[in-house]
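**Q** I'll drop the sequence and a predicted model, then ask my questions.
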Amino acid sequence: MGLIKVAKDSIKSTLADQWKEYFYCDSLDEDTLVAVGKNKNSTGNSNIISQGSAISIADGQCALIVEQGRVFDICSEPGIFIFNSDSEPSVFVENLDDSLRKVISNVWERFKFGGKAGNDQRVYYFNLKEIYGNKFGTANPIPFRVVDNNIGLDVDISIRCNGIYSYKINNPVLFYQNVCGNVSLDFKRDQIDKQLKSELLNALQPAFAKISDMGIRYSSVPAHTEELSNALNQVLNSKWSELRGLEIVSISINSMTANKEDEDMIKNLQKTAVYRNTSMAAATLVDAQAEAMKSAAKNEAGAINGYLGLNMARASQNLDASELFKMSDQENNNQDTYKSQVNINSQANTIWKCPNCGTENTGNFCMQCGTKKPNPTWTCNCGSVNNGNFCENCGSKRP
């Protein structure tokens, strides 16, 4: 039992007059996922597909031929196809996974009707277009791991988010077998949307964990919706893709906010981490001391008493901005010394003395006499000193 595609030039030929039934489907709106095929020429039982019947398929649709509730053939290519009960399943799967061919070959035993149908047969049309406008929002805060390697921060916070996502059917056979079944009426999206939304919200936490591992901050997630879609598809793969034949196409985050306490904590930690730089710490201390001097000058008990209190506070804390600036200069000098030493060592390692004329060189050949740069010597396990790639004594390879 299979489908034979009708050539364009034969649609108006005598073949068109021989079609016993003509199955078609009106345009599928965004609320209809599956629709039962309509028989335009039928005057009897609408659940019989006679030999030579025509099946019309439009763009964005997929036709499933079902006999006694079992899938016999599938086609997602637009056009008109003739039903032939004597041929093997054709499986036209344009824009669908080629693995459907194997699925079809394993889901039923082949029957031949010899042109006389004696079983219940139906044509189902599946909506392959992207299903938009699925809103979601977290009723309760969900954990999000915040990692900031610059300051050594690794902490879990609570966030709320809301947005909208879209999905599509990418395997109509799985959707028929595990979701809609042999329905007699159209299958609408509202029959499954609540379940999908609940599973999506449960998948957000592990998906956010994958996003966090990429180093993406929660405030930047709205700019990384493609990564979030991929993460959600990975988490939902067993329930959506492998069970129902669905996949998330895109997701948009309208807003993502953390609790005020968590946001204040992160800001304070980032601000405090700045003071690990002694120059920044010294500059901040100078600014604080300047503000303290202004306050001391306004002291109601007199400026002298205010300055005395300021000096006592400074002495008790053992803080001196000049010492911090000296520490910063010393750190910078140490870094400069280290870089200089590295450069000197690097240059020393590249300079070699020509064994022929004694000229110092940095390239692979002597600039004076053209002698090739000798290989550095190495000691073999046998104790022999060599400069080639193999030991002159035992033949061992250079390590």
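**A** Thanks, I have it.
**Q** which residues of this structure fall in helices?
**A** 14-17, 100-106, 172-175, 193-213, 225-235, 242-244, 260-273, 278-297, 303-317, 321-350 (DSSP state H).
**Q** quick one, the fourth one and helix 225-235 angle?
**A** In this structure, helix 193-213 runs at an angle of 110 degrees to helix 225-235, with axes from the mean of the first three to the mean of the last three C-alpha atoms, to 10 degrees as the basis.
**Q** who does helix 193-213 touch, helix- and strand-wise?
**A** If contacts are counted by 3 or more C-beta pairs under 8 Å, 6 or more residues apart in numbering; DSSP states H and E, helix 193-213 sits against strand 131-137, strand 142-148, strand 153-169, helix 225-235. Placement of C-beta: from N, CA and C, glycine included.
**Q** mind running it again at 6 Å?
**A** Applying 3 or more C-beta pairs under 6 Å, 6 or more residues apart in numbering; DSSP states H and E, one finds that helix 193-213 contacts strand 142-148, helix 225-235.
**Q** Now for Leu366: which residues touch it?
**A** One thing to correct before we go on: residue 366 is Cys, not Leu. Cys354, Thr359 (C-beta atoms under 6 Å, 6 or more residues apart in numbering).
**Q** Give me the distance between it and Phe390.
**A** 25 Å (C-beta to C-beta, to the nearest Å).
**Q** Repeat that for Val235.
**A** Taken as C-beta to C-beta, the span from Val235 to Phe390 is 55 Å.
**Q** out of the two, which sits in the busier spot?
**A** Using other C-beta atoms under 10 Å as the criterion, Val235 and Phe390 rank with Val235 on top: 22 against 12.
**Q** Which parts of the chain belong to which domain?
**A** Per the record, the chain has its domains at 2-127, 131-263, 277-350, 351-399, by automatic domain parsing.
**Q** what's the average pLDDT for the second one?
**A** Put plainly, it is domain 131-263. For domain 131-263, mean pLDDT rounds to 87.
**Q** mind checking the end-to-end distance for it?
**A** In terms of C-alpha to C-alpha, to the nearest Å, the two terminal residues of domain 131-263 are separated by 35 Å.
**Q** my read: Pro143 touches Asp156, true?
**A** Yes. In this structure Pro143 lies within contact range of Asp156 using C-beta atoms under 6 Å: 4.9 Å.
**Q** Tally up the residues packed near Pro172, please.
**A** Residues near Pro172, counting by other C-beta under 10 Å: 27.
**Q** how far away is the nearest residue to it once chain neighbours are set aside from Val36?
**A** Closest residue to Pro172 apart from its sequence neighbours, by C-beta to C-beta, 6 or more residues apart in numbering: Phe126 at 4.2 Å. For Phe126, the distance to Val36 equals 11 Å [C-beta to C-beta].
**Q** try Glu30
**A** From Glu30 over to Val36 the distance is 18 Å, taken as C-beta to C-beta.
**Q** neighbour count winner among the two?
**A** More neighbours surround Val36 than the other of Glu30 and Val36, with 19 against 13 (other C-beta under 10 Å).
**Q** in the sheet, who's paired with the more buried one?
**A** Listed by DSSP bridges, the beta-bridge partners for Val36 are Tyr124.
**Q** heads up, I number from 354, so please use that
**A** New numbering, starting at 354: the last item is Val389.
**Q** And it, how far from Ala411?
**A** Relative to Ala411, and taking C-beta to C-beta, Val389 is found at 15 Å.
**Q** swap in Asp617?
**A** 56 Å.
**Q** So between these two, which is more surrounded?
**A** For Asp617 and Ala411, the more surrounded residue by other C-beta under 10 Å is Ala411, and the numbers stand at 14 against 11.
**Q** So what's the residue count around the nearest residue to that one once chain neighbours are set aside?
**A** Leaving aside its sequence neighbours, Ala411 sits nearest to Pro431 (C-beta to C-beta, 6+ apart; 5.8 Å). Neighbours of Pro431 under the rule other C-beta under 10 Å: 13.
**Q** Now do the same for Pro431: its pLDDT.
**A** Reported pLDDT for Pro431: 87.
**Q** residue contacts, it?
**A** Pro431 touches Ile410, Ala411, Asp412, counting by C-beta under 6 Å, 6+ apart.
**Q** Apply 8 Å and report the result again.
**A** Ile410, Ala411, Asp412, Gln414, Glu447 (C-beta atoms under 8 Å, 6 or more residues apart in numbering).
**Q** ditto for Arg570
**A** Contacts of Arg570 (C-beta under 8 Å, 6+ apart): Val499, Asp501.
**Q** where's it relative to Leu549, distance?
**A** 28 Å.
**Q** next one: Gln404
**A** From Gln404 to Leu549 the distance is 40 Å (C-beta to C-beta).
**Q** Those two: who's more crowded?
**A** Between Gln404 and Leu549, Leu549 has the larger neighbour count (other C-beta under 10 Å), namely 21 against 16.
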